[in-house]
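Trainee: With the sequence up front, the predicted model follows.
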Amino acid sequence: MSLPTAAHVRQQFLDFFASKGHHIVPSAPLVLKDDPTLLFINSGMAPFKDYFLGNKPAPFKRIADTQKCLRVSGKHNDLEEVGYDTYHHTMFEMLGNWSFGDYFKTEAIAWAWELLTEVYKLPKDRLYVTYFEGDTGDNLGADTETQNLWRQYTTDDRILPGNKKDNFWEMGDTGPCGPCTEIHIDLRDESEVAAKSGRELVNADHPQVVEIWNNVFMEFQRRADGSLVKLPQQHVDTGMGFERLMMAVSGVKSNYDTDVFQPLIQFIAAEAGVAYTGQMEKTDIAIRVIADHIRAISFTIADGQLPSNVKAGYVIRRILRRAVRYSFSSLGFKQPFLYKLVPVLANQMAGVFPELKQQTQFVQRVIEEEEIAFLKTLENGLRRIDALEESVKAQGGVIDGKTAFELSDTFGFPLDLTALIAREKDLTVDEAGFQKELAAQKNRSRNAQETEQSDWTIVTPSEEQPAFVGYDLDEAPARILRYRK
Ligand code: ATP
Ligand code: MG
Ligand code: MG
Ligand code: MG
């Protein structure tokens, strides 16, 4: 079966909204230097915040685009899902159409339905839509306007009420907000659909009954005292996950089985000399993690954010190291490898995000250097474990918590790798002991934080401290801030 191409499906979205009077704009960079509230753009709305807040006039009343998004920190953090589920990524494209004080619910709903069912030809009997059920705390009734609009297109059993968490969007503690309507698709096989209605599976983390599009209707303003007032102008903000749309139009069961990811996946599998089976094999998970993470890493670097030890740069370094860790331990890559994926991705995306193609060599160099450094850390850790082996064996075969913690904390060798290597050597790791050490360390830094909050500083290697050669990958970035005595 030949897959629909990503370029074509993306263009169909943009052409459709252009035909409805929308101005098509390019994606903003992933890192917004002038927005201190966000490390990375995490939704299509973020670059347009000022228009909704009324700080700047929107240049056009109707805009559509595909926005690069990253959900790896803060309110939206999907990092841990990646590799294990089929539809959450670190970096993804959010297709969006906007009305700044122009059209509202009627048009947004009509166009969403037209696009999905007539252009993309998704089956109507596999789509579910939601509306806000109301909230007594805010003295708001159900969004029956949205509910009734949907009744023109689908049947009541496919129109579901949703709670505040899923169906009421707020920019922050104060500011524009309003109800939203989400569109979900049931991609299960016929036999499964016959056995159980998809209705029960909406918003239930089912891998084949997934949310594809969210349409937000901004009609209120949340004031500082918590009350809501009607906005003088109403806006529409929508976001559709492009990779999920690709899964739906391709008739496959995973975002990774689409043209967006297949070129990367096939390249990784060939280099590793394994077959990608699309299952939950250790190698499959690693391949998905790498195919996902290389996109986040490459585009962030191309957008000007280098890996570093602070803030956004630290988040990127952690993602990069997470990818190295999977390629090292699950696919056996002992030499730098990730950087080889950059040209594959750059060529694939050249039509829509040329910034990567323009900087391929630079991005490759940055990634390769990071890989070399981290692989050295890993090798170092391996040598240390080798050196310990005899004495650990003599004492019952358990690497104690303190040692495992030191490997991770001082030498940047992550616990799961210590456990893996230990298993290969017929040893075990006292993981409870490790957690105890970790908790004690967190406590120490918390106490330090409580005593004097103003004097935080980035740790640099010094005589008093062991040289700092890496971080445990799954720890909060806050860990790198230590109190200077
Ligand atoms: P979910 O409930 O699946 O986590 P969400 O409600 O957090 O999605 P929204 O914030 O409503 O997502 O974003 C709009 C759209 O962006 C979603 O409908 C979905 O298609 C897509 N999307 C959200 N998070 C991701 C992700 N991590 N990877 C890929 N697409 C995503
Ligand atoms: Mg989410
Ligand atoms: Mg959701
Ligand atoms: Mg949503």
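Mentor: Ah, there it is. In this text, all values refer to a predicted model and were calculated from it rather than measured experimentally. Ligands and ions are numbered 1, 2, ... in the order given.
Trainee: how close does Arg188 sit to Ala194?
Mentor: 10 Å (C-beta to C-beta, to the nearest Å). Using the backbone N, CA and C atoms, a C-beta is placed for each residue, glycine as well.
Trainee: More neighbours: these two, which one.
Mentor: Arg188 (19 against 9; other C-beta atoms under 10 Å).
Trainee: Quick check: which element contains that one?
Mentor: Under the criterion DSSP states H and E, no helix or strand holds Arg188.
Trainee: Show the backbone phi and psi for it.
Mentor: For Arg188, the backbone dihedrals (degrees, to the nearest 10) come out as phi -70, psi 170.
Trainee: Also Leu70?
Mentor: Residue torsions, per degrees, to the nearest 10, at Leu70 are phi -130, psi 120.
Trainee: Likewise for Pro123?
Mentor: phi -70, psi 130.
Trainee: what sits opposite the closest residue to Leu14 other than its chain neighbours in the beta ladder?
Mentor: Nearest residue to Leu14 in three dimensions, chain neighbours excluded: Ile24, at 5.2 Å (C-beta to C-beta, 6 or more residues apart in numbering). In this entry, Ile24 is beta-bridged to Ala64, by DSSP bridges.
Trainee: Which residues of this protein lie near ligand 1?
Mentor: 43, 71, 78, 88-89, 92, 94, 211-214, 239-241, 243-244 (C-beta under 6 Å from any ligand atom).
Trainee: can you do 5 Å?
Mentor: Arg71, Asp78, His88, His89, Phe92, Glu211, Ile212, Asn214, Gly239, Gly241, Arg244 (C-beta under 5 Å from any ligand atom).
Trainee: out of those, who's nearest ligand 1?
Mentor: Gly241 (2.5 Å; C-beta to the nearest ligand atom).
Trainee: Give me the neighbour count for that closest one.
Mentor: 23.
Trainee: Tell me which residues touch it, please.
Mentor: Tyr87, Phe92, Glu93, Met94, Leu95, Glu211, Ile212, Trp213 (C-beta atoms under 8 Å, 6 or more residues apart in numbering).
Trainee: got it, and Asp416?
Mentor: Per C-beta under 8 Å, 6+ apart, neighbours of Asp416: Arg325, Ser329.
Trainee: Is it in a helix, a strand, or coil?
Mentor: helix (DSSP: H, G, I helix; E, B strand; the rest coil).
Trainee: Break down the stretch 151-300 of the chain into its helices, ranges please.
Mentor: 164-167, 190-195, 242-250, 262-272, 282-302 (DSSP state H, counting those that start in this stretch).
Trainee: So which residue is smack in the middle of this structure?
Mentor: Thr90 (2.6 Å; C-alpha atoms, centre = their mean).
Trainee: Go ahead and confirm it touches Arg71.
Mentor: Yes. Counting by C-beta atoms under 8 Å, Arg71 is a contact partner of Thr90 at 6.6 Å.
Trainee: Next, show the common contact partners of these two.
Mentor: With C-beta under 8 Å, 6+ apart as the test, Thr90 and Arg71 both reach Asp78, Leu79.
Trainee: for the stretch 1-150 of the chain, what spans make up the helices?
Mentor: Secondary structure of the stretch 1-150 of the chain (DSSP H, counting those that start in this stretch): helices at 6-19, 49-53, 105-114, 144-151.
Trainee: If you average pLDDT over each of the ones you listed, which is lowest?
Mentor: Ranked by mean pLDDT, the helices of the stretch 1-150 of the chain bottom out at helix 49-53, which scores a mean of 90.
Trainee: surely Asp259 meets Met246?
Mentor: Yes. Assessed by C-beta under 8 Å, Asp259 is found in contact with Met246 at 6.7 Å.
Trainee: Looking at the helices of the stretch 1-150 of the chain, which is nearest to Gly401?
Mentor: Closest to Gly401 of the helices of the stretch 1-150 of the chain is helix 49-53 (C-beta to C-beta; 45.7 Å).
Trainee: which other residues reach that closest one?
Mentor: Residues contacting helix 49-53 (C-beta under 8 Å, 6+ apart): Asp35, Met45, Lys56, Pro57, Ala58, Phe100, Met171, Gly175, Pro176, Met218, His235, Asp237.
Trainee: just the residues you listed now: which is nearest Gln147?
Mentor: Nearest to Gln147 among the contacts of helix 49-53, with distances taken as C-beta to C-beta, is Met218, at 18.3 Å.
Trainee: what's the neighbour count on that closest one?
Mentor: With other C-beta under 10 Å as criterion, Met218 counts 26.
Trainee: Surely it and Val236 touch.
Mentor: Yes. Contact between Met218 and Val236 holds when scored by C-beta under 8 Å: they sit 7.4 Å apart.
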